[in-house]
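**Q** below: sequence and its predicted model.
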4 protein chains.
Amino acid sequence: MAIVLAGHQYGKAENRVVRFQRDAARHEIVDLNVTSTLRGDFADAYLRGDQSKVLPTDTQKNTIYSYAKEKGIATVEGYALELARHFVDDVEPVSCARIDVDSHLWTRAVVDGAEHDHTWTRSGGEVRTAAATVAGTGAEQQVHVVAGLKELTLLKSTGSEFRDFLVDGYTTLEPTADRVMATSLVAQWRYDATCLEDGFGFDAAYDAVRAAMVAQFATLHSLALQQTLWHMGRAAVEAVPAVVEVRLAAPNKHHFLYDTARFGVENAGEVFHADDRPYGLIQAVVARDDVPEAPLAWQR
Amino acid sequence: MAIVLAGHQYGKAENRVVRFQRDAARHEIVDLNVTSTLRGDFADAYLRGDQSKVLPTDTQKNTIYSYAKEKGIATVEGYALELARHFVDDVEPVSCARIDVDSHLWTRAVVDGAEHDHTWTRSGGEVRTAAATVAGTGAEQQVHVVAGLKELTLLKSTGSEFRDFLVDGYTTLEPTADRVMATSLVAQWRYDATCLEDGFGFDAAYDAVRAAMVAQFATLHSLALQQTLWHMGRAAVEAVPAVVEVRLAAPNKHHFLYDTARFGVENAGEVFHADDRPYGLIQAVVARDDVPEAPLAWQR
Amino acid sequence: MAIVLAGHQYGKAENRVVRFQRDAARHEIVDLNVTSTLRGDFADAYLRGDQSKVLPTDTQKNTIYSYAKEKGIATVEGYALELARHFVDDVEPVSCARIDVDSHLWTRAVVDGAEHDHTWTRSGGEVRTAAATVAGTGAEQQVHVVAGLKELTLLKSTGSEFRDFLVDGYTTLEPTADRVMATSLVAQWRYDATCLEDGFGFDAAYDAVRAAMVAQFATLHSLALQQTLWHMGRAAVEAVPAVVEVRLAAPNKHHFLYDTARFGVENAGEVFHADDRPYGLIQAVVARDDVPEAPLAWQR
Amino acid sequence: MAIVLAGHQYGKAENRVVRFQRDAARHEIVDLNVTSTLRGDFADAYLRGDQSKVLPTDTQKNTIYSYAKEKGIATVEGYALELARHFVDDVEPVSCARIDVDSHLWTRAVVDGAEHDHTWTRSGGEVRTAAATVAGTGAEQQVHVVAGLKELTLLKSTGSEFRDFLVDGYTTLEPTADRVMATSLVAQWRYDATCLEDGFGFDAAYDAVRAAMVAQFATLHSLALQQTLWHMGRAAVEAVPAVVEVRLAAPNKHHFLYDTARFGVENAGEVFHADDRPYGLIQAVVARDDVPEAPLAWQR
């Protein structure tokens, strides 16, 4: 037997790019955390220490910052695509590039009832994500775009049950017909090739997917977080035709009713302890059945 | 010489209380992290292991959760006051109690353009804080309320300079007449006794102080973060007569202009690297000069 | 087209199990963070809200804690295997179970020069990891064990170069023949079926793999972190015959020489700024070429 | 009434200084996180935006890194003192300077049974801390040194009780005669002027204080964490004559016995759930009664 280098990739992680538009009195802000990952013909760097085909991660950093001006960031997906294409098309040893972007949202500061031109507060809460993967060149080039969000914490104070579950010798959970359901959602959705057309509305698609998922979480009378996730994924695909696959991961952030009856205080679903760990973790993949799988789109 | 117990206190930290109002179809949510701190006649627990005067921290936890229903949480400051008074008035060995509360904000989910009755998203971003301290009993009882916020990240993309500073042999900083200024503000403000009157509007006061500070950050042409802080504190005191002292701590979250000229790309205040560490840390205390200091209000 | 549930799994994450052996005066401690993930016939819970085949995550939690006593934790890998087999063999709808374990290490407290019987300090630093995956029943049952570590921060103050790399229009990095190299290693290695034999020494294998990797990091004169990783992976496979595949992820924790020459102070590789972000991220998979791939072992 | 600037200070926080000794084949590493805080005549910067007396925080950073070479870091306390004295003595508007240092510990890598000359693993676990405060100049100059540690997680699996405590209407805790006691200790101790003498052994003092505290935690049969803290503080003062005051903060990291009897599994103090929040928080100050208090030493 021999020992072989069976896989490898490298890149620059967590470049904290902040880009302003200052052409008009009303400035705009984009606040990103960008990670590049390159795959290709780099085995010599591992096996022999030969760097002649290795584009330094420092160079990747320079490119990431420079492209924020050169190409602009009209959409995070478009910016990620530009970067991924550059590395594959312009750097010979690179056969595949992936660009991951976290986008932190800001809210315009309000002064005397009006939005301020050049001051913002960071929104906190959810982070918008995007990943573009480009592999190969010319007519063979594959391109994938996955958009998403994370740290979107959702909670509903009624309209959620959990009962009639499987029971074994370790089961002590009481069934409930009315509980608090909360999660910190991670959602990622893959677009089909439509998104590569000029003028595809990444921002509108994001808003539509987010709205569809939030609406399902809110309005579905839930028999389980599993059921809620399915309907959120289904609604996302229905909301935007270009969305062909949705991956959801949802921690069940447990809220335990506090037993205040011991002190003569009735607690009818009003006071809860929000627990940290452990937590249920529910995952689902929802997809259109007429679209081929695309493992490369998801490979990190 | 002898070795003595020169100070002591104890409590239950980070009780994660979530309280719903479910009386009407439109529910309300309050999401708190509550810490109790008791001072008093507990030296025997330290010196001799005698617990007879020690109210367990587990009991403090039970009380914190139960009071969320018994007394309700009309305002976080009022709830903190109720708890602090209880420990001092009802638990004999306790001579002083402090209740610290972090309040996490939620935004009502929007479904089909309308706010949902019982679903929210966690706002992230700033955390509202409150601390009530009660010491002594009867006519001698001292009461202090400090409100505040933390993790309020503010940024302005112009209107900030830093120049004409002191220069020594270690100074290499270039002066600048136009920079990005950003901070993650921690602000705490002390109310005078007015706030103990029935119907004092803690929520309105919070909104007024926050608005005054944000307005100063946005509109003051800043010669230094120090100057901005002074004006923020001053404006807070002016905005709400009951506010007698404001304490501000502001990390200078550095944004460094990225040198893209090396690649032939002009960067006129458009692309920045948001750095993590180190960071400047600027602090200020702003107060009315006709009000005595209150160290007890600030003692954690 | 139709929208389908294309994948799903669920479990209980981050059960904080602490297990003591108290049979002898000299106690032992095991401190784990355990996550269960179940796959199988749960589509009805998603599609129709039917929980009849769903073993609650609360039940999984109960089982995880109870098994810590019932089966004991002679090794973390063995304990993970017992749990994974239980869910597949004893819970009918479960076709595949994965148990992930983080093991936090403790050091016996030293009192008057001797190790104490029942007091420890938490070691911090590296976390030992283990994952067992069991799929199918009877003769068809597949079993995989992956061991590993994370947060092992390694640094060498010399013996590392980086030069003769690819240069393009965005390259500004200076080559260096002597730099600080540091990483916070994540390593995972897969065992072949040998590890399922009675008496396989998981702890000895862990120690041997760790020692082999640390030795390579220390002694190899490094031309790149890539080269170092390859030799670390290769040495791990050579050190323990049961190891058939190693996956390594290594952030390049950059240390930048501080320019003190501006102040007339020579700095010959002595004073550095340890930067946070961005960081290079180098990855490698090293494997024996006579062993089939096992994607299931790695699927989280 | 007028609104006044009642207090102010500023500095550079979290400078990540890594310093190597490379004079001999066997290198040495010091890994610090350094924060400077300056007080003095800076009101004009706040009130009028006048920076002429403000030494930029960037300059403070430069000084911190340069001093790591100029003065060296024989001990972290000595290095902090050099920096604090410099700012007060050499920068005219500065009347008081405080330098806070976190020191991260590293362990020499072991290769083939021998410690390696220039490779280390980061120890994790406890962080050593030091703070030097210098105020005033010449004969009036006050100097304070506070050493300490944080994140020292200690656990004992027996030898701890908690019972005979105060009971009120909210008390549901069961007394226990044998529990797990664990904490993540924060300890800070103040030295008297002896420490300013040439050759004072800061490292030996640190080791002696730490050993005395760990020994008390381990060997005292504890009736409460309060009692344990008192004896830890007392032992620290006794162990090192120069230590005149010790401040201790100790979260009670609760370990709850898991009820496995429900599954027919006996659990005699063997399997616990390590809970995150809430936690008890116990604090104590232990001091020699013949030494004046020194509030300036503790002011951050």
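**A** Nice, I can see it. Numbers count the residues shown, from 1 in each chain, chains lettered A, B, ... in the order given.
**Q** now whatever residue of the stretch 101-250 of chain A ends up closest to chain B: closest residue in space that isn't a chain neighbour?
**A** Going by CB to the nearest CB, chain B is nearest to A:G124 of the stretch 101-250 of chain A, at 2.5 Å. Every residue, glycine included, has its C-beta placed from N, CA and C. Leaving aside its chain neighbours, A:G124 sits nearest to B:G124 (2.5 Å; criterion: CB to CB, 6 or more residues apart in numbering or on different chains).
**Q** before we move on, what about A:V180?
**A** With CB to CB, 6+ apart as the criterion, A:V180 has its nearest non-adjacent residue at 4.0 Å, and that residue is A:H255.
**Q** A:D207 and chain D, how far apart?
**A** Per CB to the nearest CB, to the nearest Å, A:D207 is found 35 Å from chain D.
**Q** look up how far A:L225 lies from A:E161.
**A** Per CB to CB, to the nearest Å, A:E161 is found 11 Å from A:L225.
**Q** the two: who's more crowded?
**A** Taking neighbours as other CB atoms under 10 Å in any protein chain shown, A:E161 and A:L225 compare with A:L225 leading, 26 against 19.
**Q** who touches the residue nearest to A:G124 in this structure?
**A** Contacts for B:G124 were tallied using CB atoms under 8 Å, 6 or more residues apart in numbering or on different chains; they are A:123-126, A:151, A:153.
**Q** mind running it again at 10 Å?
**A** Applying CB atoms under 10 Å, 6 or more residues apart in numbering or on different chains to B:G124 gives the contacts A:104-105, A:122-127, A:151-153, B:104-107, B:151.
**Q** for B:I73, see how far away it is.
**A** For B:G124, the distance to B:I73 - CB to CB - is 21 Å.
**Q** one more: A:A224?
**A** For A:A224, the distance to B:I73 (CB to CB) stands at 30 Å.
**Q** again, but for A:Y206
**A** Between A:Y206 and B:I73 the distance is 35 Å, computed by CB to CB.
**Q** what's the pLDDT at the residue nearest to A:T153 when sequence neighbours are not counted?
**A** Excluding its sequence neighbours, the residue lying closest to A:T153 (CB to CB, 6+ apart) is B:R122, at 3.7 Å. You'll see B:R122 listed with a pLDDT of 97.
**Q** and for A:E151?
**A** So A:E151 comes in at 98 (pLDDT).
**Q** which ones are touching it?
**A** Neighbouring residues of A:E151 by CB under 10 Å, 6+ apart: A:102, A:124-127, A:129, A:184-186, B:122, B:124.
**Q** same deal with A:Q299?
**A** By CB under 10 Å, 6+ apart, A:Q299 lies in contact with A:9, A:37, A:39, A:96, A:98, A:131, A:133, A:135, A:144.
**Q** make it 6 Å
**A** Counting by CB atoms under 6 Å, 6 or more residues apart in numbering or on different chains, A:Q299 touches no other residue.
**Q** A:V94 versus that one, what's the distance?
**A** For A:Q299, the distance to A:V94 (CB to CB) stands at 15 Å.
**Q** and what of A:A109?
**A** 42 Å.
**Q** what does the stretch 151-300 of chain A put close to chain C?
**A** Contacts of the stretch 151-300 of chain A with chain C, taken as CB under 6 Å from any CB of the partner chain, map to A:164-166, A:170-171, A:173, A:223-224, A:226-227, A:230, A:234, A:237, A:277-285, A:287-290.
**Q** buried only: go through these for me.
**A** A:165-166, A:170-171, A:173, A:223-224, A:226-227, A:230, A:234, A:237, A:277-285, A:287-288 (16 or more other CB atoms under 10 Å in any protein chain shown).
**Q** quick one: the helices in the stretch 201-300 of chain A?
**A** Using DSSP state H, counting those that start in this stretch, the helices found in the stretch 201-300 of chain A span residues A:202-219, A:225-239, A:295-298.
**Q** now do the domain split for chain A, please.
**A** Split into domains by automatic domain parsing, chain A comes to A:1-140, A:148-300.
**Q** rewinding a little: which SS state does the residue of the stretch 101-250 of chain A closest to chain B fall under?
**A** strand (DSSP: H, G, I helix; E, B strand; the rest coil).
**Q** quick one: it from chain C, how far?
**A** In this view, A:G124 and chain C are 19 Å apart by CB to the nearest CB.
**Q** sweet, I'm off.
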